[in-house]
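Peer 1: Below are the sequence and a predicted model; questions follow.
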Amino acid sequence: MGPDDRTATHCPYCALQCGQWVGPSGEVDAREFPTNAGGMCQKGWTSGALLTHPQRLTSPLVRASRDTGFVETGWDDALAGVAARLAALRAEHGLDSVAVFGAGGLTNEKAYLLGKFARVALGTSQIDYNGRFCMSSAAAAGNRAFGVDRGLPFPVTDLDDAELVVLAGANVAETMPPLMSHLTAARLVVVDPRRTPTAERALASGGLHLAPRPGTDLVLALGMLHAAVVDGHLDLSYVDERTTGFDDVWAIASQWWPERAERVCGVAAADMRTVVRWLAESTRRYVLTARGAEQHAHGVDTVAAWINLSLALGLPGRPGSGFGTITGQGNGQGGREHGQKSDQLPGYRHITDPAARAHVARVWGVPETSIPGPGRSAVELLDALGRPGGPRALLVFGSNVLVSAPDARAVAERLDALDLLVVADVLPGETAMRADVLLPVAQWAEEEGTMTNLEGRVLRRRRALAPPPGVRTDLEVIAGLAAALDAPGEFPADPRAVFDELRRASAGGIADYAGVSYDRLDAGEALHWPVPADDHPGTPRLFTERFGHPDGRARMLPVDHVEPDEGVDEGFPLTVTTGRVLVHYQSGAQTRRVAELAEVSPEVFVEVHPDTAARHGLGDGDLADVVSRRGTTTARVRCVATLRPDTVFLPFHFGGVGAANNVTNPALDPVSRMPEFKVAAVRLEPAGTGRDTTAGAADTAGAADAAGVATDGLAPALPVGAGAAARASRSAR
């Protein structure tokens with residue numbers, strides 16, 4: 001592969017958006033780019049395997065009922081059939097009888113057009129996306145404190161010179177390994193109930209691993225804030241000049257002296273004081289949160305507590321220092337800015353703001369009154385499916401909700417209660433296998449568009465090769481459905497035309513892309529939003545002079561500890577927490593199909609302290625049932641001596657009986673509507689001891705059998721009759 005044959009693009013996975021080269025046959029190589037400095041993780045290096053995967057979907061598939069198999073059909077018939085059924089449901093049950101579910105992996109163009117499609121073509125308020133499971137608590141806390149939600153308000157490369165970095169609930173050594181290259185000079189402090197590879201790096205750097213009881217990170221932050229004030233580390237001039245609300249915050253933090261906090265969270269008071277002293281004495285210091293701190297029923301308050309500590313020490317907006325949240329999904333930042341979220345319009349505008357509605361209505365060419373108000377958030381939307389007054393049809397783009405949403409058994413029941421489930425996907429994942437209509441779409445190296453990475457930098461995704469015959473892009477699918485529905489306004493399928501409209505719609509908003517263009521990006525300009533004009537250089541560092549609130553000050557918000565929604569008891573004496581492993585990504589719909597990655601981590605496991613395992617009659621390598629009040633996950637035991645004895649850990653990349661979300665709690669944060677992924681009460685049992693081990697499982701195998709699908713372990717294989725590539729693959733076998 002010569003340099004002239006390659007296309008410069010970006011990795012399809014996390015929000016680091018590492019630079020990639022893709023060759024004309026799908027060969028992948030690392031590309032020099034600021035976020036990854038020429039490196040990639042195993043997921044990025046093997047991403048090309050998906051481009052020619054034998055299970056690739058290549059033809060639209062429909063079935064007459066959930067009890068019959070899929071059959072191929074043409075695109076015109078598929079789209080016309082979907083449009084006719086949607087029209088009938090809307091006529092009988094109202095506009096909100098149709099719902100749309102998007103994803104944080106969609107390009108900016110797709111996220112924008114999907115939001116417009118829902119509100120203009122369908123007239124529904126029922127749209128949300130899987131970013132609700134990822135960044136919603138961090139986003140809500142950032143908006144409240146700073147008036148702006150941008151995961152990192154500074155470039156990743158600013159971390160290169162850091163002296164100290166506190167990572168609260170982040171395991172970046174596994175979730176985005178190239179980020180670790182920016183942390184080599186820093187002493188690290190990792191807050192995590194597990195001794196993760198990131199925690200090991202912290203100890204090797206001369207830092208600390210703080211292992212709080214799951215659900216008590218907020219107490220830890222309060223104890224550290226107390227120490228900051230009492231030990232004389234409060235930055236009084238910064239607090240007076242750049243913040244409001246300290247007195248109310250201190251009224252609560254004053255009651256959480258470190259020794260009291262230690263009794264609740266389990267972290268030594270001396271360690272709290274040490275970390276605060278390190279932060280105060282360092283010149284270049286950062287506090288970064290991620291899902292471990294955020295995926296709770298009180299995640300917004302937990303992030304606010306870490307923000308309060310950062311403000312008290314004078315970090316945000318100061319050169320060489322700062323607070324940030326580590327965005328997870330590939331377009332987790334851009335995906336929440338342009339309208340696929342239930343309460344938002346493009347440009348990070350709120351859907352209830354009259355001025356925002358009027359502006360967007362002008363761009364869309366529709367009456368402002370025709371734009372629906374806010375709809376249900378993701379978990380609430382899924383729970384309403386098929387219920388009286390809830391949606392009767394669901395269109396899913398880029399999300400595998402049957403694995404990624406909490407309480408998987410309930411999600412499976414709601415999907416089965418629908419009159420119509422339409423899924424646009426690349427590969428036949430668990431959610432796709434429950435669909436009535438399955439639409440094959442292009443993937444990252446086969447399409448044009450833009451992504452916005454974790455530092456708010458807008459990037460170009462470039463097409464390196466054509467998708468297989470019969471496959472369309474998501475934009476073409478959305479535009480085709482809009483045409484079949486005879487929707488008002490324009491729904492272009494060309495990504496450049498969509499982006500130009502997005503620029504106009506976002507103009508003047510918090511996330512202002514008005515000055516971003518394909519031409520500027522293709523010329524190599526580094527454009528971090530906001531970019532309000534064609535000659536504006538972008539804003540790589542926010543808050544250097546003022547925060548996003550009208551008075552320019554950050555808000556310190558009083559928050560106090562609340563116990564997790566579900567506590568342990570005699571029947572469920574352990575706490576399960578969930579997370580990721582190095583070789584898999586999100587629901588595993590992609591990475592579980594890459595042989596090289598699946599060989600490393602082929603099945604779900606549960607990490608257990610050896611003493612805890614022994615008390616439950618289990619040993620290393622045994623199969624165990626992890627049982628909660630909602631269901632059961634069956635997993636292979638891994639005894640880990642560094643784990644807290646009161647805690648077990650499940651990775652969430654697997655489906656069926658191995659789905660971690662069979663046991664997770666759907667309790668929601670009152671502000672962000674984030675589910676309580678990180679804390680649920682469970683018990684351990686040897687697998688199959690006197691109970692149905694599939695209880696709570698999303699029955700992938702059963703759904704696949706009914707759909708006429710062969711299964712390969714827990715990953716469903718290609719539907720019968722799914723295109724030439726499938727037939728060739730089956731013939732070869």
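Peer 2: Structure received. Numbering: from 1, shown residues only.
Peer 1: Just give the number of residues close to D416.
Peer 2: 14 (other C-beta atoms under 10 Å). Where C-beta positions appear, they are placed from N, C-alpha and C, glycine not excepted.
Peer 1: wait, what's in contact with it?
Peer 2: D416 is in contact with 66, 386, 434, counting by C-beta atoms under 8 Å, 6 or more residues apart in numbering.
Peer 1: tell me which of those is nearest to P488?
Peer 2: G386 (28.7 Å; C-beta to C-beta).
Peer 1: burial measure for that closest one, as a count.
Peer 2: When neighbours are defined as other C-beta under 10 Å, G386 has 18 of them.
Peer 1: For it, which non-adjacent residue is closest in space?
Peer 2: Ranked by C-beta to C-beta, 6 or more residues apart in numbering and with sequence neighbours excluded, the top spatial neighbour of G386 is A417, at 2.7 Å.
Peer 1: And the residue lying farthest from the centre of the chain, how far from A412?
Peer 2: If you look at how far each residue of the chain sits from its centre, by C-alpha atoms, centre = their mean, the farthest one is G232, at 38.2 Å. Per C-beta to C-beta, to the nearest Å, G232 is found 55 Å from A412.
Peer 1: now N171
Peer 2: Taking C-beta to C-beta as the criterion, N171 is separated from A412 by 29 Å.
Peer 1: Have a look at those two and say which one is more surrounded.
Peer 2: Taking N171 and A412 together and counting by other C-beta under 10 Å, A412 has the greater number of neighbours (25 against 22).
Peer 1: Give me the phi and psi for that one.
Peer 2: For A412, the backbone dihedrals are phi -60, psi -40 (criterion: degrees, to the nearest 10).
Peer 1: With the one 4 residues further on instead?
Peer 2: D416 adopts backbone torsions of phi -70, psi -20, taken as degrees, to the nearest 10.
Peer 1: Now do the strands in the stretch 551-700 of the chain.
Peer 2: Using DSSP state E, counting those that start in this stretch, the strands assigned to the stretch 551-700 of the chain run over residues 554-555, 574-579, 605-608, 623-627, 632-639, 647-651, 665-668, 675-676, 680-686.
Peer 1: now these in a markdown table, with mean pLDDT and mean neighbour count?
Peer 2: Output for the strands of the stretch 551-700 of the chain, formatted as a markdown table (pLDDT from 0 to 100; neighbours: other C-beta atoms under 10 Å):
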| stretch | mean pLDDT | mean neighbour count |
| --- | --- | --- |
| strand 554-555 | 98 | 24 |
| strand 574-579 | 97 | 24 |
| strand 605-608 | 98 | 24 |
| strand 623-627 | 97 | 24 |
| strand 632-639 | 97 | 22 |
| strand 647-651 | 97 | 24 |
| strand 665-668 | 96 | 21 |
| strand 675-676 | 96 | 24 |
| strand 680-686 | 97 | 22 |
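Peer 1: To A355, which of those strands lies closest?
Peer 2: For the strands of the stretch 551-700 of the chain, the distance to A355 is smallest for strand 554-555, at 22.2 Å, taking C-beta to C-beta.
Peer 1: Does the closest one pack against any helices or strands, and if so which?
Peer 2: Contacts defined by 3 or more C-beta pairs under 8 Å, 6 or more residues apart in numbering; DSSP states H and E place strand 554-555 against helix 136-146, strand 243-244.
Peer 1: so which of the ones you listed comes closest to N661?
Peer 2: Of the helices and strands packed on strand 554-555, nearest to N661 by C-beta to C-beta is helix 136-146, at 16.6 Å.
Peer 1: elements contacting that closest one?
Peer 2: Under the contact rule (3+ C-beta pairs under 8 Å, 6+ apart), helix 136-146 is packed against helix 291-294, helix 299-312, strand 322-325, strand 554-555.
Peer 1: Provide the contact partners of that helix at residue level.
Peer 2: If you take C-beta under 8 Å, 6+ apart as the criterion, helix 136-146 is touched by 148-151, 153, 289, 294-296, 299-304, 307, 311, 316, 325, 336, 377, 542-543, 547-549, 554-557, 669, 671-674.
Peer 1: Tell me the buried residues within those residues.
Peer 2: Burial by neighbour count, 16 or more other C-beta atoms under 10 Å: within the contacts of helix 136-146 this picks out 148-151, 153, 289, 294-296, 299-304, 307, 311, 316, 325, 336, 377, 542-543, 547-549, 554-557, 669, 671-674.
Peer 1: and I127, what does it touch?
Peer 2: I127 makes contacts with 99-102, 114-115, 118-119, 340-342, 375, as judged by C-beta under 8 Å, 6+ apart.
Peer 1: For Q126, which non-adjacent residue is closest in space?
Peer 2: Across the structure, with C-beta to C-beta, 6+ apart as the measure, the residue nearest Q126 apart from its sequence neighbours is A99 (3.7 Å).
Peer 1: Report pLDDT for the residue nearest the centre of the chain.
Peer 2: Residue closest to the mean C-alpha point of the chain, counted by C-alpha atoms, centre = their mean, is C134 at 3.5 Å. Per-residue confidence for C134 comes out at a pLDDT of 92.
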